[in-house]
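Participant: this one's sequence-less:
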């Protein structure tokens, strides 16, 4: 099998806590032909000192331009015929590049994405919930997807350039990869998920960070959906979240409304309706909660129930703000 040259592009913004471990994992690869481009997005910590300990190409932005612009800058400095994107808080397994190279033996495949490993070094409820949600959700996806999950995502350089790279109007990370993936598949290219390619995400989530992430992502996805709807593109937005989770968002908000009405007016009917909806939400998301139970025990699964409701509520608020923002002219 021919070894394609692979360029690994890593955007970094104040990632000194994990960058050294990230680069050690990259250079622990068993693959022969690769180079690494570290794009420092105007960090103010010791990231550059860490990067200089490794034989990578460093591109430094004098001011913070955002993850999309940083990745595009890395690609301009890259030499490989394949571009692999990862993050400064992600650890690639030693066989990651070999798996990407093998998948691209099929000329029909334009890109390959991996997913998060179920294992996580942080044991708090919020981190475990978020990591296992991402893992179980991506494990359920079909072989061909429209997402380009940049924790670990590779694409042929020619396809990347044909599709125009990442949209630099996205200044924060989290949505630009989804939007790019839809442009790739909307152009007739195939992205394939390799469920054996699993990376460790060295990310600790507090409950506040989890909810901020949910809110921001839901708001951004909503605006993507509205842009595509009103631009009359044929391809609709591809949802990674399972239907059970999406439908639970409205049920969660309605249960909160009924609970408030029940307490305000002392209505047993409203309180009963709120309880019924809450139980339905738990049953709809039993797969996720069971995955948490298998990984961490019954205590973690039970503790994840209120986190699930808060996550759903944050998603719903993000959807609403996304709609309002779009109506007021905010497209990104």
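Facilitator: Sure thing, it's come through. Because the structure is a prediction, the values reported are computed rather than measured. Numbering: from 1, shown residues only.
Participant: ok so residue 113 is a helix residue?
Facilitator: No - per DSSP: H, G, I helix; E, B strand; the rest coil, residue 113 lies outside any helix segment and is strand.
Participant: Make sure residue 256 is actually in contact with residue 313.
Facilitator: Yes - using C-beta atoms under 8 Å, residue 256 is in contact with residue 313, at 6.9 Å. Any C-beta I mention is one placed from the backbone N, CA and C, and that applies to glycine too.
Participant: which residues of the stretch 101-250 of the chain fall in strands?
Facilitator: 109-116, 144-145, 152-156, 190-201 (DSSP state E, counting those that start in this stretch).
Participant: Serialize those strands to JSON lines and add fields for distance to residue 274, mean neighbour count and mean pLDDT.
Facilitator: Shown next, in JSON lines, are the strands of the stretch 101-250 of the chain (distance: least, C-beta to C-beta, whole Å; neighbours: other C-beta atoms under 10 Å; pLDDT from 0 to 100):
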{"stretch": "strand 109-116", "distance to residue 274": "33", "mean neighbour count": "24", "mean pLDDT": "98"}
{"stretch": "strand 144-145", "distance to residue 274": "36", "mean neighbour count": "16", "mean pLDDT": "94"}
{"stretch": "strand 152-156", "distance to residue 274": "41", "mean neighbour count": "26", "mean pLDDT": "98"}
{"stretch": "strand 190-201", "distance to residue 274": "35", "mean neighbour count": "19", "mean pLDDT": "98"}
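Participant: now for these, which one comes closest to residue 226?
Facilitator: strand 144-145 (21.8 Å; C-beta to C-beta).
Participant: How far away from the center of its chain is the closest one?
Facilitator: The chain centre lies 15 Å from the centre of strand 144-145; the measure is C-alpha atoms, centre = their mean, to the nearest Å.
Participant: hang on, isn't residue 58 packed against residue 49?
Facilitator: No - using C-beta under 8 Å, residue 58 makes no contact with residue 49, being 10.8 Å away.
Participant: higher neighbour count, those two?
Facilitator: The neighbour comparison of residue 58 against residue 49 (other C-beta atoms under 10 Å) goes to residue 58, with 16 against 11.
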